[in-house]
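[1] Could you work out the structure for the sequence below:
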Amino acid sequence: MTRRFIINGKFLRAPMTGVHRVAAELARGLARLQAARDPAVAGMAFEVWHPHDAREPASLGLPTRLLAPLTHIPWEQLTLPLRKGDATLVNLCNIGPALAADAVTMIHDIQVHQTPDSYSRAFRLWYHAIQPAFARRHRRILTVSHFSAAEIARVGLVPRDRITVIHNGADHVLAEPADPAVVARLGLAPQGFVVALASTQAHKNIGVLLRAFARPELAGLRLALIGGTGREAFVAAGLVPPANVVFTGRVSDAELRALYEGALCLAFPSTTEGFGLPPLEAMTLGCPAIIAPCGALPEVCGDAALAVAPDDVAGWAAAIASLADDPARRAALVARGRAQAARFTWEAAARGLAATLAGL
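    Okay, the predicted model is just below:
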């Protein structure tokens, strides 16, 4: 008898984020296993159900079904559980319908508890209300690191023995050839810039990089902040970028690859992360990473990244400058990074998800 699993496709209606990337790549991984008739998915059938405003559901490689007319939270909390029948719901983006009991949900982190200032009051209230409601009912909680598993249990959402860890992959960055035109368009020189996230969220801690790049030892380098948040939003948040900061805006996967491959390094000073995908993406493409040793970052990066305390401005400036001044040190870090990143693949993640579902 074939067991049916419905992947909650609500994430397809929003612009791509790290959490949405994980959901998409896990779905694609399951699709590849099915296409290969892999024993890991024997006796299992997967579909992606989505609201009417989803973007490119067919790109996931699985059968899809449109459910109308609702969308967003009402679609997820009402339409999805009321129409799923005897299928098991698979929710991969932090939230699942509280009405469903036959479901598994991936909670990537508990940063609404750890760094509440990173989120709006409405967002915090919603997560504090809905996550305990579905966590108690769903058959299994998934997460992306052992750090996150311990934190989910610590705040009392579910006991640790009800949580399965499935590490993310990073090899999606190899799917698209690089588009190096973005480097020239932004006026950047190869290995003359550092990449980081364009985020004003408190836990992303980009302020420490802005202060580091205002120091004289980094005057000859530029900081390229990747993402849709622009200079005005930083200033409004009290984060004033120095003159050597460039805002890339949103970039395609091909442009992101070119930026990683052209950069001196990635700087990732987060004070907490449930996983921390950008360092692994960078390492996969030969871009060394400097991280704050916080959250899941030590678990994910091992000894393949340089580590600097999240509040050590001088330390961040010195670590970045050391890679510019010592090509041999940078090359050694590149080699360690590639080896570390190779341990994290979406095939392994999809197999882990399939094994968890088969064991329900």
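[2] Can you classify the residue nearest to residue 313 when sequence neighbours are not counted as helix, strand or coil?
    Spatial nearest neighbour of residue 313, excluding adjacent residues (C-beta to C-beta, 6 or more residues apart in numbering): residue 211 at 4.6 Å. Heads up, the C-betas are built off the backbone N, CA and C, glycines and all. What DSSP: H, G, I helix; E, B strand; the rest coil gives for residue 211 is helix.
[3] Residue 211: neighbouring residues, count only.
    Residue 211 has 16 neighbours, counted by other C-beta atoms under 10 Å.
[4] Can you pull the poorly scored residue ranges out of this structure?
    Applying pLDDT under 70 to the chain flags no residue at all.
[5] now the strands for it?
    Taking DSSP state E, the strands of the chain run over residues 3-8, 44-50, 64-66, 88-91, 103-106, 140-143, 163-165, 193-197, 222-226, 245-249, 265-268, 289-291, 306-307.
[6] Return the set of buried residues in the longest one.
    Residues of strand 44-50 classed as buried: 44, 46-50 (neighbour count, 16 or more other C-beta atoms under 10 Å).
[7] helices or strands up against it?
    Applying 3 or more C-beta pairs under 8 Å, 6 or more residues apart in numbering; DSSP states H and E, we find strand 44-50 packed against strand 3-8, helix 18-35, strand 64-66, helix 346-358.
[8] quick one on the thing from earlier: with respect to residue 342, which of the buried residues of strand 44-50 is nearest?
    Taking C-beta to C-beta as the measure, residue 342 sits nearest to residue 46 out of the buried residues of strand 44-50, at 26.8 Å.
[9] Excluding sequence neighbours, find me the nearest residue to residue 124.
    With C-beta to C-beta, 6+ apart, the residue lying closest to residue 124 is residue 112, at 5.2 Å.
[10] Next up, the contacts around the one you found.
    119, 123-124, 127-128 (C-beta atoms under 8 Å, 6 or more residues apart in numbering).
[11] hmm, back to that, close enough to count as contact, the residue nearest to residue 313 and residue 312?
    No - counting by C-beta atoms under 8 Å, residue 211 does not reach residue 312; the two are 10.4 Å apart.
[12] returning to what we had before: Serialize the strands of the chain to CSV and add fields for distance to residue 187.
    CSV is the format used below for the strands of the chain (distance: least, C-beta to C-beta, whole Å):
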stretch, distance to residue 187
strand 3-8, 42
strand 44-50, 40
strand 64-66, 42
strand 88-91, 42
strand 103-106, 39
strand 140-143, 40
strand 163-165, 42
strand 193-197, 9
strand 222-226, 8
strand 245-249, 7
strand 265-268, 19
strand 289-291, 23
strand 306-307, 27
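[13] Give the closest residue to residue 242 in space, chain neighbours not counted.
    residue 214 (4.3 Å).
[14] burial of that neighbour, as a residue count?
    Quick note: residue 214 (other C-beta under 10 Å) scores 17 neighbours.
[15] Next, the buried residues of stretch 15-26.
    18-26.
[16] Report the two of those residues separated the most.
    Of all pairs in the buried residues of stretch 15-26, the most separated under C-beta to C-beta is 18 and 26 at 12.9 Å.
[17] Spell out the residue ranges of the helices in the stretch 201-350 of the chain.
    207-213, 231-236, 253-262, 277-284, 297-301, 313-325, 327-341, 346-358 (DSSP state H, counting those that start in this stretch).
[18] out of these, deepest packed?
    helix 277-284 (a mean of 27; mean count of other C-beta atoms under 10 Å).
[19] If I take that one and helix 327-341, what angle do their directions form?
    Angle of helix 277-284 versus helix 327-341, following axes from the mean of the first three to the mean of the last three C-alpha atoms, to 10 degrees, is 110 degrees.
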